[in-house]
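In: only geometry, no sequence info:
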């Protein structure tokens, strides 16, 4: 099957063609360096992992994922500081950073990617709908991005997946995000 046909097939399954291409680029760059990736998701609830595993051959570079939707799981599974969660709640850039670093360590990956935010329909802990924090932890440190997204719940969640993939690709050697 051609790349375009495969991308079209994944679009029907829920991963957009742009996300498919970004995930494909991430896997290619990871294979080239002998690296791996793991994800910690809250806001995206497994969509980021699904986008990464939609690419054939993903098992060579994808270690796994933790969907820590409940706040206490961010602390108990991913090592997010409980005091931070008590003071700021689960939607905070440092929470995203600690989730990415925690999943990287937990699953033994070269890179850890994390998503947290508010998809709606209501604000959460005083944070407006569309507040998103993403992080990529890797050998060169951790980078956090906080894009402001808008739209319906599904649009925000899918936008967060795209932004997380762009952040990952941008952090990988020979990776520059496609715009």
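Out: Everything's here; your move. Here the structure is a predicted model, which means the values were calculated and not measured.
In: tell me which helix or strand of this protein sits lowest on mean pLDDT?
Out: Ranked by mean pLDDT, DSSP states H and E, the weakest helix or strand in the chain is helix 3-13, scoring a mean of 40.
In: Pretty sure residue 174 sits against residue 32.
Out: Yes. Between residue 174 and residue 32 there is a contact under Cβ atoms under 8 Å: 6.8 Å. Heads up, the C-betas are built off the backbone N, CA and C, glycines and all.
In: more crowded one of these two?
Out: Remark: of residue 174 and residue 32, residue 32 carries more neighbours, 13 against 10, as counted by other Cβ atoms under 10 Å.
In: which residues sit in contact with the more buried one?
Out: Residue 32 makes contact with 173, 174 under the criterion Cβ atoms under 8 Å, 6 or more residues apart in numbering.
In: what about the helix or strand that contains it, distance to the chain center?
Out: When elements are assigned from DSSP states H and E, residue 32 belongs to helix 17-33. Distance of helix 17-33 from the chain centroid (Cα atoms, centre = their mean, to the nearest Å) equals 13 Å.
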